[in-house]
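# have a look; sequence and predicted model below, questions after that.
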Amino acid sequence: MTGAREPDWLLWAREVQATAQSGLAFSRDPYDIERYHALTALAARMLAARTDGSAPGLATLFGAEGGYATPKVDVRGAAFDAEGRILMVREAADHDRWTLPGGWADVNQTPARCVAREVLEESGYEVRVVKLAGCWDRSAQGHTPPGLFSIVKLFFLCEITGGAPTTSLETSEVGFFAAEDVPADLSLGRVLPHQVARMFAHHRDRTLPTEFD
């Protein structure tokens, strides 16, 4: 199940920025470098024309990206208690809406280590990662609002091994929910209702194959 397609202008701007970023990573010709910087500025103007952002600010943001352009990686942990309820946290940065604990993957850490760390930091619970349940493209899944960059989201099934509910600078509440009680006010940029439903399915049957776009 996927959501609405992102607008073409966003996909085009994202692709232009990625082309420019990769070109700047490998080109040594000064004229090509100048052209790739122009493409970065063009991508920023395309976004500024359709959003509240300023072209110079967006150009600076795009210009901060270096190397070959690849998707960013977001990790989410689906941890369940003994009653089969899923662990969720309120995301302070998104009006206290609910989500599965997680965040950006860090360098020099495996995705499994990243998600275990994120769950501990955001909820207070220690977990053991059991399986990769979902590998989904944020754009293809229909998350809102749309993002500037391409993002791959990894959803891991986890077992709680210790800890106690603790909030953090990023979270304002920790809770467990049965499938029928999952909050309606989800942080849709981080997790979607059908993704939470699929985590319940993987919890009930761990032999299910990893899902992907």
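Looks like it arrived, so ask away.

# worst-scoring helix or strand of the chain, pLDDT-wise?
When the helices and strands of the chain are compared on mean pLDDT, DSSP states H and E, helix 55-63 comes out lowest with a mean of 82.

# count the residues that sit near S168.
15 (other C-beta atoms under 10 Å). All C-beta spots, glycine's among them, are computed from the backbone N, C-alpha and C.

# got a pLDDT number for it?
What the model reports as pLDDT for S168 is 96.

# I'd like to know how far it sits from E159.
21 Å (C-beta to C-beta, to the nearest Å).

# following the least confident helix or strand of the chain, which helix or strand shows up next?
Per DSSP states H and E, the first helix or strand lying C-terminal to helix 55-63 is strand 72-80.

# and that next one, what does it pack against?
Contacts defined by 3 or more C-beta pairs under 8 Å, 6 or more residues apart in numbering; DSSP states H and E place strand 72-80 against strand 86-91, strand 102-104, helix 111-123, strand 125-137, strand 151-163, helix 193-204.

# relative to A20, which of those is closest?
Taking C-beta to C-beta, strand 151-163 is the member of the helices and strands packed on strand 72-80 nearest to A20, at 18.7 Å.

# ok, the residue nearest to L154 when sequence neighbours are not counted - how many residues close by?
Once flanking residues are discounted, L154 sits nearest to V75: 5.0 Å by C-beta to C-beta, 6 or more residues apart in numbering. Residues near V75, counting by other C-beta under 10 Å, number 28.

# so V75 versus D29, what's the distance?
Counting by C-beta to C-beta, the gap from V75 to D29 is 38 Å.

# low-confidence bits of this protein, can you list those?
By pLDDT under 70, the weakly predicted segments of the chain are 1-4.

# what residues are bridge-paired with the residue nearest the centre of it?
With distances taken as C-alpha atoms, centre = their mean, the residue of the chain nearest its centroid is D74 (3.7 Å). D74 has the following beta-bridge partners by DSSP bridges: W104, K153.

# ok, it touching A105?
Yes. Using C-beta atoms under 8 Å, D74 is in contact with A105, at 7.1 Å.

# still on that earlier bit, dump the residue contacts of the residue nearest to L154.
G102, G103, W104, A105, P111, C114, V115, E118, K153, L154, F156 (C-beta atoms under 8 Å, 6 or more residues apart in numbering).

# hmm, 6 Å instead?
G102, A105, P111, C114, V115, L154 (C-beta atoms under 6 Å, 6 or more residues apart in numbering).

# make TSV out of these and add neighbour count and distance to T144.
Listed next are these as TSV, based on neighbours: other C-beta atoms under 10 Å; distance: C-beta to C-beta, whole Å:
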residue	neighbour count	distance to T144
G102	25	17
A105	19	22
P111	17	24
C114	23	24
V115	30	23
L154	22	20
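
# show me what contacts A41?
Neighbour list for A41: A59 [criterion: C-beta under 6 Å, 6+ apart].

# most neighbours per residue, which of the helices and strands packed on strand 72-80?
strand 86-91 (a mean of 24; mean count of other C-beta atoms under 10 Å).

# next structured bit after that strand?
Next in line after strand 86-91, if elements are assigned by DSSP H and E, sits strand 97-99.

# contacts for that following strand next, please.
Identification of contacts with strand 97-99 by C-beta under 6 Å, 6+ apart yields M88, R90, E91, P183, D185, L186, S187, R190, V191.
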